[in-house]
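> When you get a sec, could you give me coordinates for this:
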Amino acid sequence: MTLDRSVLLFAGVIVLTSVALAEFVHPAWIWLTVFAGANMIQASFTGFCPAALVFKRLGVKPGIAFN
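The predicted structure is shown next:
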């Protein structure tokens, strides 16, 4: 799995997890979805993604989007 796919998978898991937590635990968990969405928008403009840095350090092979 490449870095790009790993970042997208991680973002999707965070969004779905926070929606489930907001539904079944407490509505304030929706803010995690807001944070994830804002981070994805920021990464699309700047090319900087904190999750990509972590995955790089873990040895995930590079992709195209996050150099």
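
> quick one: contacts for Met1?
9, 60-61 (Cβ atoms under 8 Å, 6 or more residues apart in numbering). Just so you know, the C-beta spots here come from the backbone N, C-alpha and C atoms, and that holds for glycine as well.

> try Val13
By Cβ under 8 Å, 6+ apart, no residues touch Val13.

> now it: how far from Thr46?
Look at Val13 and Thr46: by Cβ to Cβ, to the nearest Å, they are 22 Å apart.

> now do His26
Look at His26 and Thr46: by Cβ to Cβ, they are 32 Å apart.

> cool, Phe24 as well?
In terms of Cβ to Cβ, Phe24 sits 34 Å off from Thr46.

> Could you check the pLDDT of the residue nearest in space to the middle of the chain?
What sits nearest the mean C-alpha location of the chain, by Cα atoms, centre = their mean, is Ala11, with 2.9 Å. The model reports Ala11 with a pLDDT of 95.

> begin at 875 from here
Okay, using 875 as the starting number, the last item reads as Ala885.

> Take the contacts of Met875 and keep only those in strands.
Among the contacts of Met875, no member is found in strands (DSSP state E).

> Would you show me how to pick out the buried ones of those residues in ChimeraX?
Buried residues among the contacts of Met875 (16 or more other Cβ atoms under 10 Å), as a ChimeraX selection:
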select :934
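
> Can you tell me which of the contacts of Met875 is nearest Ala910?
Leu883 (12.5 Å; Cβ to Cβ).
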